[in-house]
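Engineer: the sequence isn't on hand, but the structure is:
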């Protein structure tokens, strides 16, 4: 097991690179069952300055937007992610996040070297997840997710629901220093609501916890620009730059080379530039 080490939040914008060990990623970059392809991508990400690697074995693309979303059982998911995590850990001590809502997958991933659990259901879908995180003292990304888009005020209501998730985590024995929050851009919201969240991202800093945002290549960008997933780099860049002006702590991205440059330039403006 790899110990979770709190990053120096507020000093820079940290970049989380997405490794989809799946055959059906919405972004078309899945590397299922191809360890060599996954490791090649990891090496590229590290070269371009990634801070955290997020490994996922089940597509989280919304069923309402994408056809043929196939559920993945625990054994399938483990067969996809564990070899990748083990391979990364054998060559690097970079922080690894496991993108899963299943406690059994999280437990095995932690044993293999993951130190962060990225739960897109915020502890709500698997009641054992909180105890797995607490017992192993790993980091936890609490993502807001929902089954309805009927909000009167999407920002205020998601903040309230995130507060309840934080309370749930703390009551389960999870250390506050281990918690990261994600407003859930693209999860149970329509494009207008996603844009409202992005425009008021600073409001999510009220909990004095690091905030992660994941906008990369998502459908809201496609709706606004009327572009397919492979042509959304510029749109993603705009969302990343705006997020950094709101003092977001982590950006979760597919295109590490390009977004790394956006992060560096935006940080220089927002946080200051040392000239190096």
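Structural biologist: Arrived safely. Computed from a prediction, not measured in an experiment: that's the story for all the values here.
Engineer: show me the helices in the stretch 151-276 of the chain, by range?
Structural biologist: Taking DSSP state H, counting those that start in this stretch, the helices of the stretch 151-276 of the chain run over residues 154-171, 191-199, 219-225, 233-245, 256-270.
Engineer: now the ones you listed in TSV, with mean pLDDT and distance to residue 105?
Structural biologist: To be clear about C-beta, it is placed using only N, CA and C from the backbone, and glycine gets the same treatment. Below are the helices of the stretch 151-276 of the chain laid out as TSV (pLDDT from 0 to 100; distance: least, CB to CB, whole Å):
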stretch	mean pLDDT	distance to residue 105
helix 154-171	97	18
helix 191-199	98	27
helix 219-225	98	25
helix 233-245	98	27
helix 256-270	98	24
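Engineer: next, format the ones you listed as a markdown table and append mean neighbour count and distance to residue 12.
Structural biologist: Converted to a markdown table, the helices of the stretch 151-276 of the chain look like this (neighbours: other CB atoms under 10 Å; distance: least, CB to CB, whole Å):
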| stretch | mean neighbour count | distance to residue 12 |
| --- | --- | --- |
| helix 154-171 | 17 | 24 |
| helix 191-199 | 18 | 20 |
| helix 219-225 | 18 | 24 |
| helix 233-245 | 19 | 10 |
| helix 256-270 | 17 | 6 |
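Engineer: in a markdown table: those helices, plus distance to residue 117.
Structural biologist: As requested, the helices of the stretch 151-276 of the chain are exported to a markdown table (distance: least, CB to CB, whole Å):
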| stretch | distance to residue 117 |
| --- | --- |
| helix 154-171 | 11 |
| helix 191-199 | 22 |
| helix 219-225 | 25 |
| helix 233-245 | 22 |
| helix 256-270 | 21 |
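Engineer: between those, which one is nearest to residue 42?
Structural biologist: Of all the helices of the stretch 151-276 of the chain, helix 256-270 sits nearest to residue 42, with 10.1 Å by CB to CB.
Engineer: what angle separates the closest one from helix 233-245?
Structural biologist: With axes from the mean of the first three to the mean of the last three CA atoms, to 10 degrees applied, the angle from helix 256-270 to helix 233-245 works out at 40 degrees.
Engineer: for helix 256-270, packing partners?
Structural biologist: With contacts defined as 3 or more CB pairs under 8 Å, 6 or more residues apart in numbering; DSSP states H and E, helix 256-270 has these neighbours: strand 14-20, helix 35-47, helix 233-245, strand 250-253.
Engineer: relative to residue 102, which of the ones you listed is closest?
Structural biologist: When those are compared by CB to CB, strand 14-20 sits nearest residue 102, at 16.4 Å.
Engineer: that closest one pairs with which strands?
Structural biologist: Using DSSP bridges, the strands paired with strand 14-20 are strand 52-56 (parallel), strand 250-253 (parallel).
Engineer: and residue 99, bridged to which residues?
Structural biologist: Judged by DSSP bridges, the bridge partners of residue 99 are residue 56, residue 118.
Engineer: run a quick neighbour tally on it.
Structural biologist: Counted with other CB atoms under 10 Å, the neighbours of residue 99 add up to 31.
Engineer: give me every residue that touches it.
Structural biologist: Residues near residue 99 by CB atoms under 8 Å, 6 or more residues apart in numbering: 54, 55, 56, 57, 60, 118, 120.
Engineer: can you rerun that using 6 Å?
Structural biologist: Contact analysis of residue 99 by CB atoms under 6 Å, 6 or more residues apart in numbering lists 54, 56, 118.
Engineer: please apply the same query to residue 86.
Structural biologist: For residue 86, the contact set (CB under 6 Å, 6+ apart) comprises residue 112.
Engineer: this completes my enquiry, with thanks.
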